[in-house]
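Participant: coords below, sequence missing:
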């Protein structure tokens, strides 16, 4: 039996991104999925950096090099899921995944991406799928005609 997303913790979100949606650039990712995955990744990177620094400061070169190796392998391993969850998060606010390229505009781009990552997703279905926070809500269509 699978957990409901409302009961997910940080590790559950991380596992969902890495194992269920590794290279999934389709659909939408809610804020909880994006930020919990990002936070847990940050914690893992901090631990690996700590291993590298401890190894290098104590002149335990083997530990330092092992830490660098694990860090590099992990960073390469999560590169695709990082991009995928970012694109799906952009889809949640009805923006194309190509908007990720704004990140390369100095100063303004990363701030804009950060603001978008904090923006609440569309409440109903949009161009990229149904609302992941409240699935099953019917799409409302307004035609502008009065009867």
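Facilitator: Received it, and whenever you're ready, just let me know what you need. As the structure is a computational prediction, the values presented were derived from the model and not from experiment.
Participant: From the contact counts, what lies against the longest helix anywhere in the chain?
Facilitator: Ranked by residue count, the top helix of the chain under DSSP state H comes out as helix 61-92. Judged by 3 or more CB pairs under 8 Å, 6 or more residues apart in numbering; DSSP states H and E, the packing partners of helix 61-92 are helix 31-57, helix 108-118. Any C-beta I mention is one placed from the backbone N, CA and C, and that applies to glycine too.
Participant: Give me whichever of those helices is most buried.
Facilitator: helix 31-57 (a mean of 16; mean count of other CB atoms under 10 Å).
Participant: how far is it from where the chain is centred?
Facilitator: Offset of helix 31-57 from its chain centre (CA atoms, centre = their mean, to the nearest Å): 14 Å.
Participant: Report all helices and strands that it contacts.
Facilitator: When contacts are defined as 3+ CB pairs under 8 Å, 6+ apart, helix 31-57 packs onto helix 10-15, helix 61-92, helix 108-118.
Participant: could you redo the last one with a cut-off of 7 Å?
Facilitator: helix 10-15, helix 61-92 (3 or more CB pairs under 7 Å, 6 or more residues apart in numbering; DSSP states H and E).
Participant: pLDDT below threshold where in this protein?
Facilitator: Scanning the chain for pLDDT under 70 picks out the ranges 1, 137-147.
Participant: could the helices and strands packed on helix 61-92 go into JSON lines alongside distance to residue 83?
Facilitator: What follows is the helices and strands packed on helix 61-92, written out as JSON lines (distance: least, CB to CB, whole Å):
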{"stretch": "helix 31-57", "distance to residue 83": "12"}
{"stretch": "helix 108-118", "distance to residue 83": "12"}
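Participant: out of those helices, nearest to residue 102?
Facilitator: Residue 102 lies closest to helix 108-118 among the helices and strands packed on helix 61-92, at 4.4 Å (CB to CB).
Participant: All set now, cheers.
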